[in-house]
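> structure for this input, please:
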Amino acid sequence: MRIRFLAALVALTSLAWSGCGIDEYYTGMGQGALPGDPLYRVPDVFVAGGCGLAEANTAPVTVPSLVGQAFRFDSLALTKPLPDSLSAMVNPVIQDQMDTAIINVLLVVDRDDRNSQEMTFRLGAADPAGEAFRLTGTPASTDATMVDGRFDFTGRGEVVISVDLGTEKLLLPVKAVELSGLIAPDGSQIGPGILKGALTEADAETVEILGSSLKDFLTGTNPPILPDLDLDEDGTNDAWLFEGCFTATPVTLAP
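Now for the predicted structure:
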């Protein structure tokens, strides 16, 4: 799996600096793939319709309370800031590392008020702790509405997504995170869900990827991937929209 990720990064770098098109990259991360092999693609429901959330059937949550329940992301398919050609190579690796508990993101329910239709969550990275998961650091609380099983953040959170690069970690700090998702009536899963946040230029300058800053990597692609958000509202874009579709399942939260 680590070899696969490094192979993906090499392919990403080649694409970024060569200006080649998507048709020159195939599944298998370059290992044994042949022209004409199908590309890995983000499912269409992820690309259109806000991850399919708008079309999903809603139903009230029947579990009396979800307070204390932790949900771990078991899938995350990025749609931004990477173009389809790059996310097609990155998303399978993210899924691999979620499946093997290398990438761990938790959403913890701290308040579940059905009368006021309000919830409070903590969103953060986590580490495995035996059969459970423990939050790293002290994530801030974020309020949300919850109507017929669908929750929508009314505040903003933060999360650092840690990707294994073999002997090193790629840390992606995502700011101004807003989540929306559908909780199953029995509380057995969250999905579909959509994550929207921001990767700031300042943070991207500190993230290194194959000897280059992530900022230089993104702006050095052909065509360049330029910041598309103005977080401080000064008239100049200073961040990239970070967006993805997710699902999550209940896990035990370690103290």
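
> relative to residue 253, how far out is the closest residue to residue 209 other than its chain neighbours?
Leaving aside its chain neighbours, residue 209 sits nearest to residue 217 (5.4 Å; criterion: C-beta to C-beta, 6 or more residues apart in numbering). All C-beta spots, glycine's among them, are computed from the backbone N, C-alpha and C. Applying C-beta to C-beta, to the nearest Å, the value for residue 217 to residue 253 is 35 Å.

> the host helix or strand of residue 126: partners in the sheet, and parallel or antiparallel?
Take DSSP states H and E as the rule and residue 126 turns out to sit in strand 118-129. Applying DSSP bridges to the sheet, strand 118-129 is found paired with strand 105-113 (antiparallel), strand 132-135 (antiparallel), strand 141-147 (antiparallel).

> what separates the second one from the chain centre, distance-wise?
Which is strand 132-135. 18 Å (C-alpha atoms, centre = their mean, to the nearest Å).

> let's see it as CSV, backbone CA atoms only.
The C-alpha coordinates for strand 132-135 follow below in CSV (Å, rounded to 0.1, in the frame of the first residue of the first chain):
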residue,chain,number,x,y,z
ALA,A,132,-11.5,1.8,19.9
PHE,A,133,-10.3,5.2,18.6
ARG,A,134,-9.0,8.2,20.6
LEU,A,135,-9.3,11.8,19.4
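
> ok, which stretches of the stretch 1-150 of the chain are helices?
2-18, 44-47, 84-99 (DSSP state H, counting those that start in this stretch).

> rank those helices by mean pLDDT and give me the bottom one.
Among the helices of the stretch 1-150 of the chain, helix 44-47 has the lowest mean pLDDT, at a mean of 43.

> so the residue nearest to residue 209, which of the three states?
helix (DSSP: H, G, I helix; E, B strand; the rest coil).

> tell me the spacing between it and residue 173.
15 Å.

> so the two - more neighbours on which side?
Legend: neighbour count by other C-beta atoms under 10 Å for residue 217 and residue 173, higher for residue 217 (22 against 18).

> just name the most buried of the strands paired with strand 118-129.
Of these, the one with the most neighbours on average (mean count of other C-beta atoms under 10 Å) is strand 105-113, at a mean of 20.

> show the average pLDDT along that strand.
Taken as a whole, strand 105-113 carries a mean pLDDT of 98.

> going along the chain, name the strands of the protein.
Counting by DSSP state E, the segments of the chain that form strands are 70-80, 105-113, 118-129, 132-135, 141-147, 150-153, 157-164, 169-183, 190-200, 208-209, 212-213, 239-251.

> winner for burial among those?
strand 190-200 (a mean of 23).

> ends of stretch 131-149, what's the gap?
End-to-end distance of stretch 131-149 (C-alpha to C-alpha, to the nearest Å): 27 Å.

> and it, how far out from the chain middle?
Centroid displacement of stretch 131-149 relative to its chain, using C-alpha atoms, centre = their mean, is 15 Å.

> I'd assumed residue 149 was in contact with residue 183.
Yes: in this structure, residue 183 is within contact of residue 149 by C-beta atoms under 8 Å, at 4.9 Å.

> what does the pLDDT read for residue 222?
83.

> re the thing from before, so the residue nearest to residue 209 versus residue 102, what's the distance?
21 Å.

> go on, residue 185?
For residue 185, the distance to residue 102 equals 31 Å [C-beta to C-beta].

> so between those two, which is more surrounded?
residue 102 (18 against 14).

> for residue 157, see how far away that one is.
With C-beta to C-beta as the criterion, residue 102 and residue 157 are 22 Å apart.

> repeat that for residue 223.
Note on residue 223: its distance to residue 157, by C-beta to C-beta, is 31 Å.

> output the lowest mean pLDDT helix or strand found in the chain.
helix 44-47 (a mean of 43; mean pLDDT, DSSP states H and E).

> mind listing what residue 105 touches?
Contact analysis of residue 105 by C-beta atoms under 8 Å, 6 or more residues apart in numbering lists 72-73, 76, 123-126, 159, 161.
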